[in-house]
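Give the three-dimensional model of this entry:
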Amino acid sequence: MAIMIDHLEILCIGGNGGRGSVSFATEKFKPKAPPDGGDGGNGGNVVLKSTSLVQTFKDLANKRQFTGGSGGNGSHRNQHGKTGEDEIIMVPFGTQVQVFRESGIVYYDLISEGQEVTVAYGGRGGRGNAAFKNSRNRSPKHFEEGEPGLAHKVVLDLKIFADIGFLGLPNSGKSTLLNALTSSHSKIASYPFTTLEPQLGVMKLPHKNLIMADIPGIIEGASAGKGLGIRFLKHIERTKILIHLIDGTESSYRECYEKIRTELSVYSKTLLEKPEIVVITKDDLIKEVSSVNKSFLDELSQKGVKIFVISCLKQKGLDTLVSYIKRLEFINEEDEPPVKLFKEYTIRNLPRSSLLLMND
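Residues are numbered from 1 along each chain as shown. Predicted structure coming up:
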């Protein structure tokens, strides 16, 4: 199974502007006809547009170069060339964009559905000879070629938007729980690394739909590249709460818990500050919880961590977990509409007037 493509470098080139025309009006009995050469059309832009209809950059990976349409040439009778068609690139919302311009790197963050940002502008169309007529030169034969479109390297990086993120060691039951709580159909099996890429599911509530993200299992040493590494942890940076799953048949809950927390701290200490729920899975297979494990769960509880024991197979404990999730504070908050079309920030020497600074 192929790993999801959530990071991609592409080349974006604006379309070339059209050439201006040299033409003179042909009027009877007027030997000195006025110039009427039209301007060339502007080249098309390359535009990124966010959508929920695509989940990764898979469809873009085989092309890697995107070019706007060329502007049409000007013509007689002051006819301007047609503007080149924009090249629209559909990307998942949650895509972070880096545009490498001569003046510096500009960053965009497409934070909701349908937002657009132009990453490469088309060239300006050249002027026709009609534009050069003046009192000294009534019959100019001068015209302009169209300008070439701008070319920029663009780096795309996807960070999924989800309300709740699932974490745990491989085979801890994350995909099973995701399937039980949502309409997702993640692959499940009794071996590690069944899930090789983040999976999303939607938990439908009366007044709101919750997005849940299942992150592939993390093992000790993931931050050093073992297993699937920690590259997918970026997809829970935007979650509001984490559900940490621990296989109830493990001999040491503490060891399982601390392995994950250690890898989180290496990736980003901000993740350690997120609200957390601990879920002990596979209760149907637990014969008896050891005193050591009970003591550890008591420690977590005293720290304010909410703990649930469930069995997806027996449907045990799921109603209690769902009931708690429904009562979470952020569930009843109304989503704020985005203030801006996109967030943009920059480094180095870009003009101050062209920026919308990040307000996080």
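
Following the record's annotation, map out the domains of this protein.
The chain breaks down into these domains under automatic domain parsing: 7-158+341-354, 164-327.

Which positions within the longest helix anywhere in the chain qualify as buried?
Across the chain, the longest stretch assigned as helix under DSSP state H is helix 253-267. Within helix 253-267, the residues scored as buried using 16 or more other Cβ atoms under 10 Å are 253-254, 256-257, 259-260, 263-264, 267. For every residue, glycine as well, the C-beta is placed using N, CA and C.

coming back round to it: mind putting the domains of the chain in JSON lines, mean pLDDT included?
Shown next, in JSON lines, are those (pLDDT from 0 to 100):
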{"stretch": "domain 7-158+341-354", "mean pLDDT": "88"}
{"stretch": "domain 164-327", "mean pLDDT": "84"}
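
Show me the strands in the stretch 101-250 of the chain, by range?
Along the stretch 101-250 of the chain, counting by DSSP state E, counting those that start in this stretch, strands occupy 104-109, 116-120, 151-158, 164-168, 199-204, 209-214, 241-247.

ok and the second one relative to strand 151-158, angle-wise?
In other words, strand 116-120. If you take axes from the mean of the first three to the mean of the last three Cα atoms, to 10 degrees, strand 116-120 sits at 140 degrees to strand 151-158.

could you check the angle strand 104-109 makes with strand 116-120?
Per the same axes, to 10 degrees, the angle that strand 116-120 makes with strand 104-109 is 160 degrees.

For the remainder of this discussion, apply numbering that starts at 861.
Understood, numbering begins at 861; the last thing we discussed is strand 976-980.

got the CA coordinates for strand 976-980 in PDB?
Presented in PDB, the C-alpha positions along strand 976-980 are these (Å, rounded to 0.1, in the frame of the first residue of the first chain):
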ATOM      1  CA  GLU A 976      -7.900  30.500  -3.700                       C
ATOM      2  CA  VAL A 977      -4.400  32.000  -3.900                       C
ATOM      3  CA  THR A 978      -2.400  32.900  -7.000                       C
ATOM      4  CA  VAL A 979       1.100  31.500  -6.900                       C
ATOM      5  CA  ALA A 980       2.300  32.500 -10.400                       C
END
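
picking up where we left off before, can you list the buried residues in the very next helix or strand once past the longest helix of the chain?
The first helix or strand that comes after helix 1113-1127 along the chain, using DSSP states H and E, is helix 1129-1132. Buried residues in helix 1129-1132, counted by 16+ other Cβ under 10 Å: Leu1131.

repeat for stretch 932-945
Neighbour count says stretch 932-945 has 932-936, 938-944 buried, by 16+ other Cβ under 10 Å.

on that earlier part again, deepest-packed of the strands of the stretch 961-1110 of the chain, please.
Counting by mean count of other Cβ atoms under 10 Å, strand 1024-1028 has the highest mean neighbour count of the strands of the stretch 961-1110 of the chain, with a mean of 26.

With distance to Gly901 as added columns, please give the strands of the stretch 961-1110 of the chain in TSV.
Shown next, in TSV, are the strands of the stretch 961-1110 of the chain (distance: least, Cβ to Cβ, whole Å):
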stretch	distance to Gly901
strand 964-969	26
strand 976-980	17
strand 1011-1018	19
strand 1024-1028	48
strand 1059-1064	42
strand 1069-1074	43
strand 1101-1107	52
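
Nearest to Lys918, out of the ones you listed?
strand 1011-1018 (10.8 Å; Cβ to Cβ).

okay, that closest one in CSV with CA atoms only?
Presented in CSV, the C-alpha positions along strand 1011-1018 are these (Å, rounded to 0.1, in the frame of the first residue of the first chain):
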residue,chain,number,x,y,z
ALA,A,1011,7.9,31.0,-12.7
HIS,A,1012,8.1,30.0,-9.0
LYS,A,1013,8.9,26.8,-7.1
VAL,A,1014,6.0,26.0,-4.9
VAL,A,1015,6.1,23.6,-1.9
LEU,A,1016,2.9,22.1,-0.7
ASP,A,1017,2.5,20.6,2.8
LEU,A,1018,-0.7,19.1,4.1
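
Strand partners (parallel or antiparallel) of that strand?
strand 867-873 (antiparallel), strand 955-961 (antiparallel) (DSSP bridges).

Look up the closest residue to the residue positioned nearest the centre of the chain, ignoring the ones flanking it.
Centroid check for the chain by Cα atoms, centre = their mean gives Thr955 as the closest residue, at 1.9 Å. In space, and not counting its chain neighbours, Thr955 is closest to Leu970: 4.9 Å by Cβ to Cβ, 6 or more residues apart in numbering.
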